[in-house]
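Asker: Please find the sequence and the predicted model below.
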Amino acid sequence: MTDVDVAEEMIVTLRDWVESVVIPHASEFELPDKYPTDMAHQMADFGLFGATIPSEYGGLDLDNMTYARVIEELSRGWMSLAGIINSHLICAKLISKFGSEEQKQRWLPSMATGELRGCFSLSEPDSGSDAGALRCQAKRDGDEWIINGTKMWVTNGEKAGVVALLARVPEGDPEPAGGISCFIVEKTPGKKSGGITVSRKIDKLGYRGLETVEMSYSDHRLSHDQLLGGNEGIGNGLRWALTALEQGRINVAARGVGVAQAAYDAALAYAKERETFGRPISQHQAIAFKLAEMATKLEAARLLTYEAARKADAGERVDLAAGMAKLFASETASELALDAMRIHGGNGFSTEYPVERYYRDAPLMIIGEGTSEIQKLVISRALLAED
């Protein structure tokens, strides 16, 4: 079988699982905000925790196109499932791309199986879009680093056993240069580990079923070999993190396509079944035109996302393509979720139908991995740089 055949077989298998397991049961976990332990174990069995981890460390080493399609399928069923592996794989991406060989051997094999869960920690209470303003500090003490600070919006923070943490290294002795650096923090899954405390769980409008937490570091000690990339990593953490987030933006774009597809599918099916004035509402021009607009936007979002993935696979620069895909797909998901709710009428406002979940999940994609406003900044800068 060719690589294309293997990828296609994987997508078909995943699609069948989403149809038979995820879609019928997602609300049982999403509404009470309950972690889907069995589904996570099944994703591990599929190898999804190692989706983009290189094969020499036990991962599937999927190309960006196949990975985008995986995320699209998961999100079509329940977007939170994509979140369980996305933060994990951003952490793994940082290690595989910028870590030393010893660091790769230390963490990647167990991350590939899902035995070790990872998360990514950049945002702070006063530092979101302005990532360079983060205050979490790492101070050198001999062969150790002492971490102090508070981090926000950490997906999988409680269940993770390893955290890609961005912290500021002060300038001056004993380091020749300061700046934001990345540390790979080992922790015991749970609310407390050494100087790390999961200070609170953030209750959310949507994106429920997996934890998003605030984490506090109080004189937490790390060994020097947990500085990503060794001494070369001092001051390079933010640049490296932004590089890894380009993959994250393709991921969020694919999530947007998946949620938009689910919203469109639900709207189309309901419009064919629901009757008013003696005929299905799909035969009313207002609804038919709305479905046409939804389908067109969905296809455009998918093509933009696949083009960004194609460029990444070709080794081309993807900041512009990923920014465009993330911007359009996330906004499209939000628009189509609302359109689907309108087509459902009063039923769309009921938890008996999944469209209200799509409506609650969609805003996360407008914000996560860079807001729409940040994407416009990224896009405009890339366009102006072409002149």
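Answerer: Cool, the structure landed.
Asker: Please count neighbours and contacts with C-alpha atoms only from this point.
Answerer: Noted.
Asker: Mind telling me which residue is nearest the centre of the protein?
Answerer: Taking CA atoms, centre = their mean, the centroid of the chain lies closest to residue 86, which sits 3.9 Å from it.
Asker: I'd like the secondary structure assignment at that residue, please.
Answerer: At residue 86 the chain is in helix, as set by DSSP: H, G, I helix; E, B strand; the rest coil.
Asker: you'd agree it is up against residue 251?
Answerer: Yes. Using CA atoms under 8 Å, residue 86 makes contact with residue 251 at a distance of 7.3 Å.
Asker: where are the low-confidence patches of the stretch 251-387 of the chain?
Answerer: Filtered on pLDDT under 70, the stretch 251-387 of the chain yields the residue ranges 386-387.
Asker: Can you show me the strands along it?
Answerer: Ranges of strands in the stretch 251-387 of the chain, per DSSP state E, counting those that start in this stretch, are 275-276, 279-280.
Asker: Identify all contacting residues around the first one.
Answerer: It stands for strand 275-276. Strand 275-276 is touched from outside by residue 281, with contacts defined as CA atoms under 8 Å, 6 or more residues apart in numbering.
Asker: 10 Å instead?
Answerer: For strand 275-276, contacts defined as CA atoms under 10 Å, 6 or more residues apart in numbering pick out 281, 282, 283, 284.
Asker: nearest to residue 165, of these?
Answerer: residue 282 (50.2 Å; CA to CA).
Asker: Quick check, that closest one in contact with residue 344.
Answerer: No. In this structure residue 282 lies outside contact range of residue 344 using CA atoms under 10 Å: 11.4 Å.
Asker: Identify the contacts common to the two.
Answerer: Contact criterion CA under 10 Å, 6+ apart; residues shared by residue 282 and residue 344: 267, 268, 270, 271, 274.
Asker: The second one: what's its closest spatial neighbour, skipping adjacent residues?
Answerer: Right, residue 268. Excluding its sequence neighbours, the residue lying closest to residue 268 (CA to CA, 6 or more residues apart in numbering) is residue 291, at 7.0 Å.
Asker: Enumerate every residue touching that neighbour.
Answerer: 264, 265, 267, 268, 271, 282, 285, 297, 336, 339, 340, 343.
Asker: Please tabulate the residues you listed in JSON lines, including the columns neighbour count.
Answerer: JSON lines is the format used below for the contacts of residue 291 (neighbours: other CA atoms under 10 Å):
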{"residue": "264", "neighbour count": "22"}
{"residue": "265", "neighbour count": "16"}
{"residue": "267", "neighbour count": "26"}
{"residue": "268", "neighbour count": "21"}
{"residue": "271", "neighbour count": "21"}
{"residue": "282", "neighbour count": "23"}
{"residue": "285", "neighbour count": "10"}
{"residue": "297", "neighbour count": "21"}
{"residue": "336", "neighbour count": "29"}
{"residue": "339", "neighbour count": "23"}
{"residue": "340", "neighbour count": "28"}
{"residue": "343", "neighbour count": "23"}
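Asker: With respect to residue 77, which of these is nearest?
Answerer: Taking CA to CA as the measure, residue 77 lies nearest residue 265 of the contacts of residue 291, at 11.4 Å.
Asker: tell me the contacts of that closest one?
Answerer: Going by CA under 10 Å, 6+ apart, residue 265 touches 76, 259, 271, 291, 295, 340.
Asker: Good, we can wrap up now.
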